[in-house]
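> A predicted structure for the sequence below; I have some questions about it.
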Amino acid sequence: MKPIVGKLHCASSQTVLVVRKRPHVVNGGGFVVMDCSAQSIVFSVEGCGVLGKKGELILREGDGEALLLMDRKGGMVEALGIYKKWKGYSLDYKGSRKLVFSLREANSCLVKNNAIRISTRSRGRDFKISGYFPDKCCSIVDSKGNEVAQVGEMKEVEGLMESKDLYHVVVKPGMDQAFVFGVIAILDYIHGESTSC
């Protein structure tokens, strides 16, 4: 499978990662993604509590290097439109942006199929969200119907205690983990969880 953000974030085998939410009072919210086996930080997400800007999120590598900037453009266009739209940009060492994906959610009750849809810059690499993120029971599904990542409650992972601030994400082989957690960061914000203001 071709990487969406970068090949460094694609594993050759299925990977289980644990997400730990940060309270808003600690570092302004967001969450940390850890490797179950190595207990090391793989990614962190800063929400608007850290950034001070509503509708803006940053996905960082474990070492703190910025990978993705996700933002939502609001205003009159969004208020009148039938979709809310987020865009995810990769950041290079100079700080310039390159569009990687866009995510849209229904903004109107007039939309018959209100599934959240994700489009990438690669043709034929579109995805949708199946299930309900706040219940930690959802999946990212590709355009062929294949589940590429699954979000689940913590009680399903052995050896780790159950907590409302912990959940796990299973990422299928070859899938870009940075892309998956960029999408999860937006879902977290949309549903008013740890990344929102």
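Perfect, thanks for sending it.
> so how many other residues sit close to the closest residue to R97 other than its chain neighbours?
Once flanking residues are discounted, R97 sits nearest to Y89: 3.9 Å by CB to CB, 6 or more residues apart in numbering. The C-beta positions use only the backbone N, C-alpha and C, and glycine is treated the same way. By the criterion of other CB atoms under 10 Å, Y89 has 16 neighbours.
> Y89 and L69 touch, don't they?
Yes - here Y89 reaches L69: they are 4.9 Å apart, a contact under CB atoms under 8 Å.
> anything in contact with each of the two?
Jointly contacting Y89 and L69 under the rule CB atoms under 8 Å, 6 or more residues apart in numbering are R97.
> Now the element after the lowest-mean-pLDDT helix or strand in the chain, going C-ward?
The weakest-scoring helix or strand in the chain, judged by mean pLDDT, DSSP states H and E, is helix 75-80 (a mean of 53). Using DSSP states H and E, the helix or strand that follows helix 75-80 towards the C-terminus is strand 83-91.
> any idea how far that next one is from the chain center?
Averaging C-alpha positions (CA atoms, centre = their mean, to the nearest Å) puts strand 83-91 11 Å from its chain's average.
> Partner strands of that strand and their direction?
strand 66-72 (antiparallel), strand 97-106 (antiparallel) (DSSP bridges).
> which other residues reach the longest one?
Just to be clear, that refers to strand 97-106. Residues outside strand 97-106 that contact it (CB under 8 Å, 6+ apart) are 4-5, 68-69, 82-92, 114, 116-121, 179, 182-183, 186, 190.
> One more: stretch 190-197?
Contacts to stretch 190-197, defined as CB under 8 Å, 6+ apart, come from residues 21-24, 29-31, 45-49, 54, 57, 105, 116, 133-134, 185, 188-189.
> buried set for that stretch?
The neighbour-count check on stretch 190-197 (16 or more other CB atoms under 10 Å) flags 190, 193-196 as buried.
> Noted, bye for now.
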